[in-house]
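A.B. asks: Here is a sequence with its predicted model. Questions after.
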Amino acid sequence: MKKVFLLFATLFALGQNAFAIYDFYATAPSGQTLYYRISGGNAIVTYPGYNSDYAYYNYGKPTGNLIIPDSVTNGGITYAVTSIDDYAFINCDNGPQLGGTRLNTVTIPNTVTSIGVGAFRDCNGLTSVSIPNSVTSIGSGAFYDCSSLSSINIPDSVTSIEGSTFYHCTSLASINIPNSVTYIGWSAFRNCNGLTSVTIPDSVFEIDQYAFAQCYHLASVIIGSGVMYIRKSAFEDCHDITQLTCNATVPPSVPYTSTFAGVDRTIPLYVPISSISSYQAAPVWSEFTNYIGGTTENTATATVTISQITASSAHLDIVMGDNTSYFILLYGSQSTFVQNGLTTDAAIVNYVIQSYDSPANRLYNNTSRYLNGLTPNTTYCVAVVPFNNNGTAGMMVREHFTTLNETDPATVTATISEVTATSAYAEIVMGQQTSYFYLIYAPQSVFTQNGLTTDEAIINYVNQNYGSSDRNYNNVSGYMNDLTPNTTYMLVVVPYNSNDEVGTITRKQFTTLNNNGIEDVGEEEYAISSQGGRLTVSGAEGNMVNVYSLDGRCIYSASAKGTTVIDIPASGTYILKIGHHPARKVVVIR
């Protein structure tokens with residue numbers, strides 16, 4: 001009988017270890033009931049286990065916005081709250097029998113050092129958790145299937161992200177992995193469909209199996225320089241990855257092709273320039289075909305913009321990145337690059353380092369300049385190799401452009417809009433061959449009186465009366481003000497190319513409205529006025545009156561009966577159509 005009793009006592013003790021019994025409960029600062037057990041003189045947030053299987057499911061869970069206290073008092077003794085127990089808040093998604101409410105947010109005090117296994121698992125209503133820097137350990141599956149969790153901070157006191165910690169957190173849009181983390185566990189971020197980019201810090205040495213598998217919308221991945229192992233299926237089915245960077249000088253060990261299963265092998269893969277050949281020879285890495293020397297982190301960078309391309313010139317803007325000390329500029333025809341074997345980033349960088357990197361060729365500031373003396377109808381290549389303070393080449397930039405045909409004339413396009421009684425809006429866009437242009441506008445009668453009715457006459461007038469200070473070298477947009485009401489105007493644009501040769505003249509006519517903001521279309525038997533956000537139409541009995549916005553939407557339509565007053569919803573120019581009479585523009589100011 002004694003042996004039987006001892007056996008029962010042993011089983012009872014095992015039950016206590018597997019399903020912790022709470023010692024007391026208290027009300028949290030936010031009003032919910034929390035359960036605690038005492039360990040080592042401190043309080044651990046737990047659940048009312050009662051030694052039954054899965055007891056942590058079978059009690060009313062805290063809901064709403066929970067604030068966990070930094071200390072709790074029971075029986076006259078105050079305990080520091082130092083830990084959140086395994087499964088303490090699992091499935092805080094109470095069903096109908098418990099009110100159907102959910103746990104939404106959690107604030108953890110800076111006395112807590114550990115969050116247990118599965119602590120917040122299946123809390124589908126949880127949207128955010130505030131984790132203090134005091135936390136050094138987050139157990140596996142701690143936030144498993146928290147499908148509403150959109151943001152979380154991992155403090156830099158945490159050294160590892162254990163298996164399944166954020167598995168199926170489908171709303172997680174971003175994650176900041178601190179530089180203290182050395183290990184990312186099995187399925188740690190698996191099926192986090194909201195993630196679009198991830199940066200793995202240099203401190204991490206291992207990315208375990210399935211760590212980011214099925215992150216279907218992950219587009220950009222940066223792998224730190226300290227990573228040595230990337231395990232099986234770590235990025236499996238990440239179909240949307242379009243840019244992959246690995247900063248490690250020695251290619252991380254990738255023993256399984258499934259590590260990047262489903263990832264396009266032709267996407268840009270950024271690696272250190274000196275390591276390209278090592279990656280091309282390494283298992284799995286060798287399957288990628290689009291290697292680019294340089295990495296996207298902690299390296300020299302530059303941006304290149306090419307504009308104002310003509311038959312013999314192009315404008316070049318080069319802006320240095322934050323880590324760039326200087327850069328080397330190389331440009332020439334595409335055929336020259338090909339003839340010299342300069343067809344890859346590595347070949348160009350090696351050529352620059354060996355043959356071109358001297359103080360005389362270094363540029364230490366952002367550059368804006370013209371490339372002149374180019375050959376018409378020819379494709380050119382511009383290559384910029386940036387260097388950091390240590391003289392290490394960074395991410396090379398290549399841009400191509402084709403000069404225009406020498407016979408193509410300078411052109412412009414002109415658009416007139418928002419015509420009122422005293423103003424109109426003009427927008428002028430230069431063509432590719434255009435270096436500058438002259439702009440003239442005046443009443444049509446002035447052009448006629450001065451004999452400016454032909455292109456030849458206008459060109460002669462411009463050459464005789466306009467100088468370099470009147471030239472416009474960029475696209476122009478703005479209002480022409482102080483115009484005369486009910487007057488036809490002419491806008492003329494005369495473009496020139498880089499050789500000062502005149503191009504195709506553009507002319508635009510428009511007629512201002514009358515003083516009432518009504519376009520004059522001739523004698524009519526009805527009267528129209530615009531005042532105070534209303535249109536008033538008189539003398540149009542029996543006719544349909546329609547008002548349209550400039551994009552064609554009908555905002556009013558009715559048969560006129562006596563004097564018709566129409567409320568217009570917003571200031572602007574509208575089209576008024578009365579019966580069979582001509583449509584006219586009207587301006588309404590509210």
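C.D. replies: Done, it's in.
A.B. asks: Check the model's average confidence along stretch 433-445 for me.
C.D. replies: Across stretch 433-445, pLDDT averages out at 89.
A.B. asks: what's the spacing between it and its chain's center?
C.D. replies: 40 Å (C-alpha atoms, centre = their mean, to the nearest Å).
A.B. asks: surely Pro29 meets Asp70?
C.D. replies: No: contact criterion C-beta atoms under 8 Å: Pro29 and Asp70 do not qualify, at 9.6 Å. C-beta: built from backbone N, CA, C; applies to glycine.
A.B. asks: who's more crowded, the two?
C.D. replies: Set Pro29 next to Asp70 and count neighbours by other C-beta atoms under 10 Å: Asp70 wins out with 16 against 13.
A.B. asks: hang on, the more buried one packs against Thr107?
C.D. replies: No: contact criterion C-beta under 8 Å: Asp70 and Thr107 do not qualify, at 10.5 Å.
A.B. asks: Please list all residues in contact with the residue nearest the centre of the chain.
C.D. replies: Geometric centre of the chain, nearest residue: Thr196, 10.3 Å, by C-alpha atoms, centre = their mean. Residues in contact with Thr196 (C-beta atoms under 8 Å, 6 or more residues apart in numbering) are 173-174, 217-220.
A.B. asks: Repeat that for His217.
C.D. replies: Taking C-beta under 8 Å, 6+ apart, one finds 193-196, 240 in contact with His217.
A.B. asks: Now that we have those, which of them are buried?
C.D. replies: The neighbour count (16 or more other C-beta atoms under 10 Å) marks 193-195 as buried among the contacts of His217.
A.B. asks: possible to save these as JSON lines with secondary structure?
C.D. replies: Shown next, in JSON lines, are those (DSSP: H, G, I helix; E, B strand; the rest coil):
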{"residue": "Asn193", "secondary structure": "coil"}
{"residue": "Gly194", "secondary structure": "coil"}
{"residue": "Leu195", "secondary structure": "coil"}
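A.B. asks: Just send those back as TSV, with distance to Thr512 and pLDDT too.
C.D. replies: Below are the buried ones among the contacts of His217 laid out as TSV (distance: C-beta to C-beta, whole Å; pLDDT from 0 to 100):
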residue	distance to Thr512	pLDDT
Asn193	57	91
Gly194	55	90
Leu195	57	91
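A.B. asks: Which one of those residues is nearest to Gln444?
C.D. replies: Nearest to Gln444 among those: Gly194, at 60.7 Å, using C-beta to C-beta.
A.B. asks: what's the closest non-adjacent residue to that closest one?
C.D. replies: Ala173 (4.6 Å; C-beta to C-beta, 6 or more residues apart in numbering).
A.B. asks: related to what we said a few turns ago, determine which two of the contacts of Thr196 are furthest apart.
C.D. replies: Ala173 and Ser220 (13.6 Å).
A.B. asks: how about Ser445, what does it touch?
C.D. replies: Ser445 neighbours (C-beta under 8 Å, 6+ apart): Thr488.
A.B. asks: Please tell me how far it sits from Tyr461.
C.D. replies: From Ser445 across to Tyr461, the span is 16 Å (C-beta to C-beta, to the nearest Å).
A.B. asks: show me where pLDDT drops low in the stretch 351-500 of the chain?
C.D. replies: 406-407 (pLDDT under 70).
A.B. asks: show me where it has helices.
C.D. replies: Taking DSSP state H, counting those that start in this stretch, the helices of the stretch 351-500 of the chain run over residues 444-449, 455-465.
A.B. asks: Buried residues of the shortest one, list them for me.
C.D. replies: Buried residues in helix 444-449, counted by 16+ other C-beta under 10 Å: Phe447.
A.B. asks: Equivalent analysis for the last one, please.
C.D. replies: Of the residues in helix 455-465, those buried under the neighbour-count criterion (16+ other C-beta under 10 Å) are 458, 461-462.
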